[in-house]
Every structure is written in structure tokens, then in C-alpha cells.
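>>> Mind looking at a prediction? Sequence and model below.
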Amino acid sequence: MSRTRPFDVVLYGATGFVGRQTARYFAEQAAGLRWAVAGRSATKLDALRAGFIAAAPGVIVADAGDAAALDALAAQTRVVLSTAGPFARYGSELVAACVRRGTHYVDITGETPWVRQLIDRHHAAAAKSGTRIVPGCGFDSVPSDLGAWLVASALRDRHGQRCTSVKACFRVRGGLNGGTAASMLNALDEGVQGQVDDPFLLNPAGTAPADAASHRDPAGALRDADFDAWLAPFVMGPINTRVVRRSAALLAGSGLYAADFHYQEYARIGRGASGALTATAVAVGMAAGRSAMALAPLRRVAARFMPAPGEGPSERAMNSGSFRCELFGVGERGSVQRGRIAGRGDPGNRATTVFVCESALALALDAKRLPGGARFGGVLTPATALGAVLAERLRAAGMNVEPLAQ
């Protein structure tokens, strides 16, 4: 991609809650980067820009529904980073513009039915042009996808075995922002739950097994000896597992994943009788909440108690948050490999900011070292598009991203 484009990265949706954090991250961390903030309000963008005196970005005004403006935006940059959700409502024209202009793209979506649309509409063209379209580069779904890839890579490199299964368990402390809440409600309003429930929704055609029963999302509590804890269903599991399975399918033939690869994830609850009771209560509560949210009147009630778009946890709350993803993988001859991705800060806000910004910087600054070479493209996943380069950048940013010694 030509370096004559005026910007390396454009942040779209920069005046939203997560968008403001991404702009601040770039201003503080990306010295020498040519970057711009973008969105639909010139007034809000100018006010945001005024706060970055030492590293003032460019400003691009483009409404999410204005195809011509988005085309002009994509033509000015090598990478677009979008935090403007709900993505099914505000992201489709922007991705189409990036594919037309050969501009790499990352976002923080967890809207898997929308990602399925991107695959169907754009994967072939993006693959042909070497354009990397990489949704899901926030807490949805970097720890899961990159973590499973690290474990599978360690099994291959240390033991000479393909990975047959990985399971992950999460411990998180954090809050909800208005953009995430709006995306959740929008997905429910669109009536796509049937797609969401498909374990292989994001897989390439012909790669889903005939019997998907063993890949279904967990519904109850269980005691897991490998993690020595009681586990419950993880609220983001129906998003993350689909991304990991797409990675495994896209990497078929790489020697990483066995043909019958299984991936599943859980929330880590605790030990003993109290852990069992809490895990059961979490599982029952999630099932009840899902049933309730399927009803439009109850969704409208719930929306009143959720943060509005542009709102989110306080700085203090975000700073006190944390996440830990522990992974357990098994090779085809029985070898075991553990891994960990962990960090400080609210996972849906602070950690997401680091994940998506470092993903965009990997595309902008480390293109020659990315998996597949300079001409590799398509609607990809964090692991297949960014791989070891992203892992290195996250370690440098202070996160624990490691396959563990045995």
C-alpha cells in the first residue's frame, strides 16, 4: 500500500466512549504516527482534537451512511480503526469503502451475524487484493483467539503435535459502556438469535462438522479438574468461540489445529461448595436473562438501566478493573500446554482500547512481518491476520501474553 496516503491510521467513531480512549492512546503511545480522528460531527471532532496539543491529529467528517464520504476517508489512510457501534447499523458502508480502496480495517465488534455478512460480501475481494479486514479486535475476541493460537503454536513447536482441543476460563472485573449495550440490544431487535446460536456461524463454507452437538455452548455449571475450579457459562462465549473456530478453519494445513479441533470457554467461579452454588446460580441467571431479553418489552425496560451511547464506567472504575484468561490445550498424542493472557484495567474499555489500537498499529507499522506476507487478505481474525506481531505488541504494552512452561 502506498505511503503517499496522508494518514497511517484513521480512528472512526472517535468521539464515542471507547473512541475517545483510542484517541488518547494514540496521542500518548504512537509517536511519529500520521493519524486522524473521524466521525459525523465536525464540532465534536474539533473539540476532541483540541485536547491533543502535542500530537494533534487530522480531522475527517464522514457520516456512516454517506458512501462517498466514507470512500474518501478510506482513500486517505492505510488503516481504519472503527469503534462506531452498533456495527450492523453503522459499519457496513465503511467496510465496503475499505475493501474498494484496499485499506486495512480493524474494529471492536462482537456482532457475529454482521461479521458473517462481511465474510459473504467481502472475503473474496479482500483476499484477492491483499486487504485485511479484521473485526473483533477488542476484548471480543483477542484473548480467546490469540490465546488459543498461542497454545496451539506451543504444542506444535514444543511437542510436534497438532492441537485437538483448547478450553479457556475467564475472570473479569469491569463495567459496561453504552456502545456495547446498544450493540447487544440492536442484535436482539434484529432477531438474529438463530444465527448467534450456530457454533460455526463464521466458518468458511464446508468446514463445519456434520455433528455440531459437542461444540454447543455450555449451559450449566461444571467442576473442571484441569482448572481446579467450578466453571459457569461465559457471557461472551457465544461470540469468542465462533472467532476461534474460524481461525482454526482458516489455518487448516498449517500444522496447528487437528481436523476435529474443539474450543470452548467458561467463566471461572471458585472452589468448594460455595463455588458450586455460585456457578449454578450464574448459569441459571444467564438462562433466565436470555429468555427475558428475547421479549421486546423487557428489552425496553432493561435499556433504561443501561448506559447510553457515549457513556461508560468512571476513570477510577476502569483503572481498577482487570481480566485473566487461562487456557488449557491438548495435543493429538496427549501432550498438554497451558497459556495465559491477562492485564490490568477494565476489559471492555481499558483492555479493549489496547487490543484494538495495537492491532491497528500492527497493520500500519509491521506489515512486512504479518502472517501470510504482504499480499495476504480477506475477512480475517486477530490470530490469522496479526498473530505473533500482535502478541509482541501486547507484551510491550504491559500485558501478560504467554504460553506457559510445563
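Cool, the structure landed.
>>> So which elements touch the helix or strand hosting Ala148?
When elements are assigned from DSSP states H and E, Ala148 belongs to helix 142-159. The contact analysis (3 or more C-beta pairs under 8 Å, 6 or more residues apart in numbering; DSSP states H and E) places helix 142-159 against strand 163-173, helix 237-250, strand 257-270, strand 322-331, strand 336-344, helix 382-385, helix 387-396, strand 400-403. (Glycine included, C-beta is placed from N, CA and C.)
>>> buried residues in the last one?
Within strand 400-403, the residues that count as buried by 16 or more other C-beta atoms under 10 Å are Val401, Glu402, Pro403.
>>> Of those residues, which is the nearest to Asp107?
Comparing the buried residues of strand 400-403 against Asp107 with C-beta to C-beta places Val401 closest, at 20.7 Å.
>>> Could you give the bridge partners of that closest one?
With DSSP bridges as the criterion, Val401 is bridged to Ile341.
>>> just to revisit the earlier point, any idea of the mean pLDDT for the helix holding Ala148?
The average pLDDT within helix 142-159 is 96.
>>> re earlier: same list, the buried residues of strand 400-403, but as CSV with distance to Val330 and pLDDT please.
Below are the buried residues of strand 400-403 laid out as CSV (distance: C-beta to C-beta, whole Å; pLDDT from 0 to 100):
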residue, distance to Val330, pLDDT
Val401, 21, 94
Glu402, 18, 90
Pro403, 14, 81
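>>> Next, count neighbours for Ile133.
Using other C-beta atoms under 10 Å, Ile133 has 26 neighbouring residues.
>>> So, low pLDDT: which residues of the stretch 251-400 of the chain?
302 (pLDDT under 70).
>>> that older thread, take the helices and strands packed on helix 142-159 and lay them out in CSV including distance to Val61.
Converted to CSV, those look like this (distance: least, C-beta to C-beta, whole Å):
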stretch, distance to Val61
strand 163-173, 36
helix 237-250, 31
strand 257-270, 40
strand 322-331, 35
strand 336-344, 34
helix 382-385, 29
helix 387-396, 30
strand 400-403, 37
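>>> from those, which stretch is densest packed?
Burial of the helices and strands packed on helix 142-159 is given as mean neighbour count (mean count of other C-beta atoms under 10 Å); helix 382-385 ranks first at a mean of 28.
>>> hey, C-alpha coordinates of it in CSV?
These are the backbone C-alpha positions of helix 382-385, laid out as CSV (Å, rounded to 0.1, in the frame of the first residue of the first chain):
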residue,chain,number,x,y,z
PRO,A,382,-7.0,-11.4,15.1
ALA,A,383,-4.9,-14.6,15.1
THR,A,384,-4.8,-15.2,11.4
ALA,A,385,-4.3,-11.5,10.4
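>>> Can you list the neighbours in contact with that helix?
Applying C-beta atoms under 8 Å, 6 or more residues apart in numbering, the external contacts of helix 382-385 come out as 132, 134, 136-137, 141-142, 145-146, 148-149, 243-244, 246-247, 250-251, 355, 359, 363, 370-372, 390.
>>> If any of these are buried, put those into a ChimeraX selection.
Here is the ChimeraX command that picks out the buried ones among the contacts of helix 382-385, judged by 16+ other C-beta under 10 Å:
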select :132,134,136,137,141,142,145,146,148,149,243,244,246,247,250,251,355,359,363,370,371,390
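>>> Quick one: residues contacting Gln76.
Applying C-beta under 8 Å, 6+ apart to Gln76 gives the contacts Arg5, Pro6, Phe7, Val10, Ala36, Ile60.
>>> if I look at it, how far off is Ala47?
Separation of Gln76 from Ala47 (C-beta to C-beta, to the nearest Å): 21 Å.
>>> ok, now Arg344?
In terms of C-beta to C-beta, Arg344 sits 29 Å off from Ala47.
>>> Regarding this protein, what is its longest helix?
Secondary structure assigned by DSSP state H gives helix 272-293 as the longest helix of the chain.
>>> Most distant residue from the centre of this protein?
The C-alpha centroid of the chain is most remote from Ala273, which lies 34.0 Å away (C-alpha atoms, centre = their mean).
>>> Relative to Ala84, how far out is it?
For Ala273 relative to Ala84 (C-beta to C-beta), the value is 46 Å.
>>> again, but for Arg333
46 Å.
>>> Neighbour count for these two, which is higher?
Set Arg333 next to Ala84 and count neighbours by other C-beta under 10 Å: Ala84 wins out with 26 against 11.
>>> Wait, the more buried one touches Gly91, no?
Yes - if you go by C-beta atoms under 8 Å, Ala84 and Gly91 touch, sitting 6.7 Å apart.
>>> what touches both of the two?
Common neighbours of Ala84 and Gly91 (criterion: C-beta under 8 Å, 6+ apart): Ala64.
>>> quick check, Arg100 in a helix?
Yes - according to DSSP: H, G, I helix; E, B strand; the rest coil, Arg100 belongs to a helix.
>>> What is the burial count for it?
Around Arg100 there are 17 residues (other C-beta under 10 Å).
>>> Quick check: it vs Ala68, distance?
Using C-beta to C-beta, one gets 11 Å for the distance from Arg100 to Ala68.
>>> Hmm, Pro309 is touching Gly16, no?
Yes - at 6.7 Å, Pro309 counts as touching Gly16 under the criterion of C-beta under 8 Å.
>>> The two - which one has more neighbours?
Using other C-beta under 10 Å as the criterion, Pro309 and Gly16 rank with Gly16 on top: 23 against 18.
>>> so the more buried one touches Tyr90, yeah?
No - contact between Gly16 and Tyr90 fails when scored by C-beta under 8 Å: they sit 10.1 Å apart.
>>> between the two, what contacts are shared?
Residues touching both Gly16 and Tyr90 (C-beta under 8 Å, 6+ apart) are Ala84.
>>> Dump the buried residues of strand 400-403 to TSV, plus distance to Arg162.
Putting those into TSV (distance: C-beta to C-beta, whole Å) gives the following:
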residue	distance to Arg162
Val401	22
Glu402	21
Pro403	15
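>>> And the residues you listed, which is closest to Ala127?
Of all the buried residues of strand 400-403, Ala127 sits closest to Val401, with 27.4 Å by C-beta to C-beta.
>>> quick one, what contacts the closest one?
Contacts for Val401 (C-beta under 8 Å, 6+ apart) come out as Leu146, Leu150, Arg340, Ile341, Ala391, Leu394, Arg395.
>>> Appreciated, that's everything.
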